[in-house]
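S.K.: next come a sequence and a model predicted from it.
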Amino acid sequence: MSIEVQNVSKVYGEQNALDNISISVKPGEIVGFLGPNGAGKSTMMKIITCFIPQTAGKISVCGFDVEQDPLEVKKRVGYLPEHNPLYLDMYVKEYLTFVAGLHLVPDKKKRVDEMVKLVGLELEQNKQIGELSKGYRQRVGLAQALIHDPDVLILDEPTTGLDPNQIEEIRNLIKKLGEEKTVMMSTHIMQEVEAICDRVVIISQGKIVANDTSRNISESQEEQHVTRVEFDQSVEEDLLRKVSGVLEIRSMGGNEWMIVSKADIRNDLFQFSVKNNLGILTLQKEEKSLEEAFKSLTKN
Ligand code: ADP
Ligand code: MG
């Protein structure tokens with residue numbers, strides 16, 4: 001496993017920020033870490049990156065324990081903290097060279113140039129960090145996280161505060177990085193998770209409430225299925241109502257119907273159409289969004 005979190009808890013004074021969390025992230029996975037504000041996402045990320053200690057539990061990164069081998073862990077982890085603290089009066093390349101030095105990167109100049117290219121900072125490379133837009137500052141943050149070529153990237157809300165174009169650029173960059181690295185990223189944007197993550201972990205009040213693909217999470221919260229069906233000719237409503245599992249029927253005009261059912265009834269509708277010599281023009285299950293699942297999982 002690239003990241004192995006076992007029964008981790010964190011208490012700040014009186015506050016239980018993480019409560020017995022276990023997560024495994026496989027090499028090459030991109031895992032989305034979701035949760036309302038205050039759920040404990042940043043706390044988990046700070047512990048994985050050896051910035052703060054856990055109160056209980058065990059964490060290893062690429063096989064190294066964060067408490068016993070923090071230096072080995074830090075060699076293998078790139079971290080973009082939540083508010084991306086940068087030295088605003090340093091120049092882009094000066095800052096990246098400084099970070100490369102901290103990591104004892106052998107050919108610093110060459111590596112900095114490679115990073116500038118990788119994250120798309122060519123045009124801004126001679127500017128002061130304070131002169132850059134938020135989107136370009138995020139790229140500097142990603143470059144510093146990548147400079148020692150870590151296997152694992154921990155990105156805390158990498159797209160928060162960016163405009164839609166910048167969000168798309170950073171998202172594409174993360175997707176590209178994810179082809180080679182293991183990525184754990186927190187975000188508030190559901191489409192982002194659906195667009196780039198293989199798996200989603202949702203936490204609420206320090207506890208894991210879901211850990212699966214975004215599709216499975218959305219479906220697991222589905223209490224009712226809604227299916228849209230269009231036949232090639234008119235159908236008696238009473239006849240359609242007799243299809244097993246149907247709870248409710250709404251005519252959508254023409255020969256189109258919305259059918260609410262307890263389970264997936266697409267196959268039953270297909271059998272129904274064969275039996276009654278009907279053609280089916282459309283047969284579609286309405287997808288419930290990850291956003292709705294998130295809301296129902298994280299409200300108390
Ligand atoms: P998230 O990143 O999901 O918004 P955090 O990990 O930042 O959540 O915070 C989890 C909880 O722990 C919050 O209730 C927060 O107020 C609390 N917390 C975070 N950092 C500290 C700290 N240094 N001291 C005390 N409480 C903290
Ligand atoms: Mg946070």
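M.R.: That came through, no problem. Ligands and ions are numbered 1, 2, ... in the order given.
S.K.: how is the protein carved up into domains?
M.R.: Domain assignment for the chain, taken from automatic domain parsing, gives 3-212, 224-288.
S.K.: which of these sits closest to Lys295?
M.R.: domain 3-212 (9.6 Å; Cβ to Cβ). C-beta: built from backbone N, CA, C; applies to glycine.
S.K.: got the end-to-end distance for the closest one?
M.R.: By Cα to Cα, to the nearest Å, the extent of domain 3-212 from end to end equals 16 Å.
S.K.: residue of this structure closest to ligand 2, please.
M.R.: Ser42 (3.2 Å; Cβ to the ion).
S.K.: winner for burial among the domains of the chain?
M.R.: Counting by mean count of other Cβ atoms under 10 Å, domain 3-212 has the highest mean neighbour count of the domains of the chain, with a mean of 18.
S.K.: right, is it up against ligand 1?
M.R.: Yes. For domain 3-212 and ligand 1, the contact criterion (Cβ under 6 Å from any ligand atom) is met by Tyr12, Gln15, Ala17, Gly35, Asn37, Gly38, Ala39, Gly40, Lys41, Ser42, Thr43.
S.K.: name the nearest residue to the fourth one, sequence neighbours excluded.
M.R.: Read that as Gly35. In space, and not counting its chain neighbours, Gly35 is closest to Ile203: 4.1 Å by Cβ to Cβ, 6 or more residues apart in numbering.
S.K.: and what of the last one?
M.R.: Counting by Cβ to Cβ, 6+ apart, Thr43 lies nearest to Ala17, which is 4.6 Å off, once chain neighbours are set aside.
S.K.: dihedrals phi and psi, the one you found?
M.R.: Taking degrees, to the nearest 10, you get phi -80, psi -30 for the backbone angles of Ala17.
S.K.: on that earlier part again, let me know the secondary structure of the residue of the chain closest to ligand 2.
M.R.: Assigned state for Ser42: helix (three-state reduction, DSSP: H, G, I helix; E, B strand; the rest coil).
S.K.: now name the helix or strand holding Glu72.
M.R.: Using DSSP states H and E, the element containing Glu72 is helix 70-76.
S.K.: ok, and what's touching whichever helix or strand comes after that helix?
M.R.: Going down the chain from helix 70-76, the next helix or strand is strand 77-80, by DSSP H and E. Outside strand 77-80, the residues within contact range by Cβ atoms under 8 Å, 6 or more residues apart in numbering are 45, 48-51, 61, 138, 141-142, 144-148, 150-156, 158, 181.
S.K.: Ala56 touches Ser9, doesn't it?
M.R.: Yes. Using Cβ atoms under 8 Å, Ala56 is in contact with Ser9, at 4.5 Å.
S.K.: that older thread, from the contact counts, what lies against the helix holding Glu72?
M.R.: For helix 70-76, the packing partners by 3 or more Cβ pairs under 8 Å, 6 or more residues apart in numbering; DSSP states H and E come out as strand 64-65.
S.K.: tell me which residues are up against the strand it packs on.
M.R.: By Cβ under 8 Å, 6+ apart, strand 64-65 touches Lys58, Ile59, Glu72, Val73, Arg76.
S.K.: for Arg250, which three-state class applies?
M.R.: Of the three states, Arg250 takes strand according to three-state DSSP.
S.K.: which residues touch it?
M.R.: Arg250 is in contact with Trp257, Met258, Ile259, Val260, counting by Cβ under 8 Å, 6+ apart.
S.K.: what of Leu153?
M.R.: Per Cβ under 8 Å, 6+ apart, neighbours of Leu153: Val77, Gly78, Tyr79, Leu80, Ala145, Leu146, Leu177, Lys181, Thr182, Val183, Met184, Met185.
S.K.: among those residues, which one has the lowest pLDDT?
M.R.: Within the set of the contacts of Leu153, pLDDT is lowest for Leu177 (88).
S.K.: go ahead and confirm that one touches Leu146.
M.R.: Yes. Counting by Cβ under 8 Å, Leu177 touches Leu146, with 7.2 Å between them.
S.K.: cool, thanks, talk later.
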